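J.: sequence? don't have it. structure:
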């Protein structure tokens with residue numbers, strides 16, 4: 001029985017740990033790690049570290065690969081054997097070059113910066129539109145107030161003109177009445193008898209009437 005597990009995005013210089021777990025209910029004679037391209041057991045050394053941990057239910061057989069290089073790329077197999085046969089768990093290690101790492105990081109940070117820049121531009125546009133709307137509202141309000149002031153001023157001026165006209169009309173009527181009254185009194189007092197003719201005239205109405213004797 002072969003079980004495959006894959007580890008992605010491991011970069012040069014990093015470390016990785018593969019864990020092979022086997023139930024205690026299965027009798028095991030031997031567990032070991034090996035590479036697919038090398039039919040030899042992997043033992044602990046400067047490059048690899050093999051660790052066995054036992055619990056009540058499982059046996060964990062770990063392979064730690066240190067300071068990963070491009071040459072470490074490939075498949076690693078955990079093999080467990082007993083009197084009935086063997087069971088294998090296969091792990092694939094994919095080693096990425098640092099150049100890919102920096103490219104991915106550059107793309108990531110570039111995307112973040114572009115997103116922040118676009119967000120900043122959108123915020124600026126929103127603030128400008130908000131300012132323009134408020135300015136337009138203030139202009140409309142000021143224009144409305146000015147129109148109301150002008151209308152009120154014109155109405156007041158018209159009212160004053162009508163009032164002055166009424167006062168002037170009343171004054172003219174009063175003067176006309178007084179003038180007519182004085183004229184009537186004067187007509188009665190200013191009637192003359194001419195020595196040559198019987199002339200009766202009024203100096204105000206400028207109409208002359210004559211009676212020849």
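T.: That came through, no problem. The structure presented is a predicted model; accordingly, all values stated were derived computationally and were not measured. Numbering: from 1, shown residues only.

J.: report pLDDT for residue 151.
T.: Reading off the confidence values, residue 151 has pLDDT 72.

J.: partners of residue 65 in the sheet?
T.: Beta bridges link residue 65 to residue 16, residue 48, judged by DSSP bridges.

J.: that one: neighbour count?
T.: Neighbour count of residue 65, defined by other C-beta atoms under 10 Å: 23. Every C-beta, even on glycine, is put in place using the N, C-alpha and C of the backbone.

J.: and the longest strand for this structure?
T.: Looking across the chain with DSSP state E, the single longest strand is strand 85-96.

J.: give me the sheet partners of that one and which way each runs.
T.: Here strand 85-96 has these sheet partners by DSSP bridges: strand 2-11 (parallel), strand 74-82 (antiparallel).

J.: can you mark which positions in that strand are buried?
T.: 87, 89, 90, 91, 93, 95, 96 (16 or more other C-beta atoms under 10 Å).

J.: kindly report the same for stretch 51-69.
T.: 59, 61, 62, 63, 65, 68.

J.: for the residues you listed, which one is nearest residue 22?
T.: residue 59 (4.8 Å; C-beta to C-beta).

J.: now do the closest one against residue 78, distance only.
T.: Separation of residue 59 from residue 78 (C-beta to C-beta, to the nearest Å): 11 Å.

J.: find residues that contact each of those two.
T.: Residues touching both residue 59 and residue 78 (C-beta atoms under 8 Å, 6 or more residues apart in numbering): residue 31.

J.: residue boundaries of the helices in the protein?
T.: Under the criterion DSSP state H, the chain carries helices at the ranges 98-189.

J.: about what we covered before: mean pLDDT for the strands paired with strand 85-96: which is lowest?
T.: For the strands paired with strand 85-96, where the average pLDDT is lowest is strand 2-11, sitting at a mean of 67.

J.: follow-up on the earlier one: turn the buried residues of strand 85-96 into TSV, including distance to residue 152 and pLDDT.
T.: Converted to TSV, these look like this (distance: C-beta to C-beta, whole Å; pLDDT from 0 to 100):
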residue	distance to residue 152	pLDDT
87	100	85
89	94	88
90	93	89
91	90	91
93	88	91
95	86	89
96	80	84
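
J.: re earlier: in JSON lines, list the buried residues of stretch 51-69 along with pLDDT and distance to residue 35.
T.: Output for these, formatted as JSON lines (pLDDT from 0 to 100; distance: C-beta to C-beta, whole Å):
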{"residue": "59", "pLDDT": "84", "distance to residue 35": "21"}
{"residue": "61", "pLDDT": "89", "distance to residue 35": "15"}
{"residue": "62", "pLDDT": "91", "distance to residue 35": "16"}
{"residue": "63", "pLDDT": "92", "distance to residue 35": "10"}
{"residue": "65", "pLDDT": "93", "distance to residue 35": "10"}
{"residue": "68", "pLDDT": "91", "distance to residue 35": "14"}
